[in-house]
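**Student:** Here's a sequence, model it:
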Amino acid sequence: MDSRVYHRTSCAESMEGRKKMIKPQLSFSLESILKNPEVFSVCRYRIYPRTRVPKHSIAKTMHGYRVKYRFCKAQCDAAKRCIAVQYRGVGTKYGTCHLVKDVPKKKKEGRLPHVLSKKAQTLRGIKAKLYNKRRHNEKIQMKKTIKSHEEKETKQRQEVPEGALPTYLLDRETETRSKVLSNSIKQKRKEKAGKWDVPIPKVKAMSEAEVFRVVQSGKRKTWKRLVTKPCFVGEAFTRKPPKYERFIRPMALRFTKAHVTHPELKATFQLPILGVKKNPSSPLYTSLGVITKGTVLEVNVSELGLVTQGGKVVWGKYAQVTNHPENDGCINAVLLV
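**Tutor:** As a prediction, the model looks like this:
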C-alpha cells in the first residue's frame with residue numbers, strides 16, 4: 001500500500017462541482033483543458049468534466065505530453081483522458097501521446113499486410129487466381145519503382161586536351177566512375193533506339209463508345225463489353241468462363257492476315273499477323289488487340305526473305321495500318337523499313 005495521502009473531495013465540494021458543470025461541447029483546445037483544474041474525458045465525441053487532477057501531474061516533454069506517475073492511478077487515468085481529447089496515448093511506459101488523426105492511419109497501415117495475407121489464404125478458385133495475379137503485378141511494379149530510384153556505377157571517359165599528356169599516354173583513356181539513376185540510363189537507351197518514322201504520325205482517337213457496346217447478360221446482369229472493331233486474337237488464346245469474361249471479341253471480327261505494302265519494293269504481300277504492337281488510341285485497345293487506323297502491327301516477313309547484316313533471316317517486322325478495317329473488311333498496312 002502506498003504511504004502517500006491523497007486528498008478526497010467532500011460531498012459538498014462534489015455537489016458544488018456539479019453545479020458548475022458546463023454543457024457538453026464538441027471540442028476544446030488542449031491548452032484550455034490543461035489550464036482548467038477539472039479534467040475532461042471523451043465520450044462519443046463529447047467532452048464531460050470528470051475528476052480534479054493537479055496541473056503539475058501533466059508534464060510537457062519534447063515528444064508531447066505525458067503523465068507523471070507519482071500520483072495515484074485514478075488521477076493518472078484522468079490526466080491521460082484529458083490528454084486524449086486532442087492527443088491519444090500509445091500505451092508506452094511514460095504515456096507518450098500522438099495526434100489523434102495520425103493514429104488510426106498508422107494502425108490501418110499496420111493492419112493492411114495481415115488483411116491482404118488473410119484474403120490470399122481464404123480465397124478459392126478463379127477469384128484466388130485473379131487476386132494473386134493482381135498482387136503479383138503490384139509487386140512487380142513496386143520492384144520496378146524501387147529499382148528505378150537506385151543508383152548504379154557507370155564508367156565515363158574524360159576528354160584529354162592535346163599537349164596535356166606525353167605521346168606514349170595519348171592512346172590511353174582515363175575513366176571515372178560515377179553513380180547515376182537507373183531511370184536516366186533507361187531513358188538514354190530509349191533515345192539511342194530512336195523512334196519509328198511512321199507513315200501516319202497523327203490519327204483520330206477512338207472513344208470507348210465507338211469501340212465497345214454494352215451487353216447485359218446472365219443472372220446478375222453483369223455489364224460486358226462487345227468489341228465492335230476488327231481485332232487480332234492469337235492462336236494460343238483461351239477464353240475465360242463466360243461468368244468472368246468482361247470483353248467479348250466476336251469471331252467474325254477476328255483477323256489473322258494483313259495486306260502489307262513494301263515501300264521500297266512497291267509490292268503488296270498478304271502476311272500473317274503476329275501481334276498488335278501499339279494502338280495509338282488506348283493501351284486497353286492494345287491489350288485487347290483492337291485494330292484501327294494508325295495501329296502498329298507485327299507481321300511475319302519470313303516469306304519476303306529479308307536478311308540482317310549478320311546473315312540471319314528476319315522473322316517479324318512492324319507495319320502501320322493505313323485504312324479503316326471496319327469499313328473495308330480487310331487490313332491494309334505499310335511496312336516500316
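**Student:** Restricting to C-alpha, output the longest strand along the chain in CSV.
**Tutor:** Ranked by residue count, the top strand of the chain under DSSP state E comes out as strand 267-278. In CSV, the C-alpha atoms belonging to strand 267-278 read as follows (Å, rounded to 0.1, in the frame of the first residue of the first chain):
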residue,chain,number,x,y,z
ALA,A,267,4.8,-4.6,-103.9
THR,A,268,2.0,-5.8,-101.6
PHE,A,269,2.1,-9.1,-99.8
GLN,A,270,-0.6,-11.0,-97.7
LEU,A,271,1.3,-11.7,-94.4
PRO,A,272,0.2,-13.3,-91.2
ILE,A,273,-0.2,-11.1,-88.2
LEU,A,274,2.0,-11.9,-85.2
GLY,A,275,0.5,-9.4,-82.8
VAL,A,276,-0.6,-5.8,-82.1
LYS,A,277,2.3,-3.7,-81.0
LYS,A,278,0.6,-0.4,-80.4
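**Student:** With just CA atoms, put the next helix or strand after that strand into CSV.
**Tutor:** Going down the chain from strand 267-278, the next helix or strand is helix 283-288, by DSSP states H and E. The C-alpha coordinates for helix 283-288 follow below in CSV (Å, rounded to 0.1, in the frame of the first residue of the first chain):
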residue,chain,number,x,y,z
PRO,A,283,-3.4,0.8,-74.0
LEU,A,284,-6.6,-1.1,-73.4
TYR,A,285,-7.1,-1.5,-77.1
THR,A,286,-3.5,-2.6,-77.5
SER,A,287,-4.0,-5.4,-74.9
LEU,A,288,-7.3,-6.5,-76.5
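**Student:** Would you mind listing the buried residues in helix 283-288?
**Tutor:** 285-286, 288 (16 or more other CB atoms under 10 Å). (Each C-beta comes from the backbone N, C-alpha and C, glycine too.)
**Student:** Just the closest of these to Ser117, please.
**Tutor:** Closest approach to Ser117 among those (CB to CB): Leu288, at 32.7 Å.
**Student:** so the closest one touches Leu253, yeah?
**Tutor:** No: with contacts counted by CB atoms under 8 Å, Leu288 stays clear of Leu253, the gap being 11.3 Å.
**Student:** re the thing from before, I'd like the average pLDDT over the longest strand of the chain.
**Tutor:** The average of the pLDDT scores along strand 267-278 is 95.
**Student:** which residues are common contacts for Leu288 and Leu253?
**Tutor:** Shared contacts of Leu288 and Leu253 (CB atoms under 8 Å, 6 or more residues apart in numbering): 227, 231.
**Student:** If you count neighbours, what's buried in the longest strand of the chain?
**Tutor:** In strand 267-278, counting by 16+ other CB under 10 Å, buried: 269, 271, 273-274, 276-278.
**Student:** so what secondary structure elements neighbour it?
**Tutor:** Using 3 or more CB pairs under 8 Å, 6 or more residues apart in numbering; DSSP states H and E, the elements in contact with strand 267-278 are strand 257-262, helix 283-288, strand 296-300, strand 316-321.
**Student:** Parallel or antiparallel, list what pairs with it.
**Tutor:** strand 257-262 (antiparallel), strand 296-300 (antiparallel) (DSSP bridges).
**Student:** most tightly surrounded among those strands?
**Tutor:** Comparing these by mean neighbour count (mean count of other CB atoms under 10 Å), strand 296-300 ranks first with a mean of 21.
**Student:** contacts for that one?
**Tutor:** For strand 296-300, contacts defined as CB under 8 Å, 6+ apart pick out 196, 198, 232, 258, 260, 271-278, 291, 315-321, 331, 333, 335-336.
**Student:** and the angle from it to strand 316-321?
**Tutor:** Angle of strand 296-300 versus strand 316-321, following axes from the mean of the first three to the mean of the last three CA atoms, to 10 degrees, is 140 degrees.
**Student:** Extract the CA atoms of strand 296-300 and return them as CSV.
**Tutor:** Taking Å, rounded to 0.1, in the frame of the first residue of the first chain, the C-alpha atoms of strand 296-300 are listed here in CSV:
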residue,chain,number,x,y,z
VAL,A,296,1.3,-0.7,-85.5
LEU,A,297,1.2,-4.4,-86.1
GLU,A,298,3.9,-7.1,-86.0
VAL,A,299,3.8,-9.2,-89.2
ASN,A,300,5.6,-12.3,-90.3
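**Student:** same question for that strand, mean pLDDT?
**Tutor:** Averaged across strand 296-300, the pLDDT comes to 95.
**Student:** what stretches of the stretch 101-250 of the chain score poorly on pLDDT?
**Tutor:** When residues are selected by pLDDT under 70, those of the stretch 101-250 of the chain lie in 101-102, 151-196.
**Student:** That'll do, ta.
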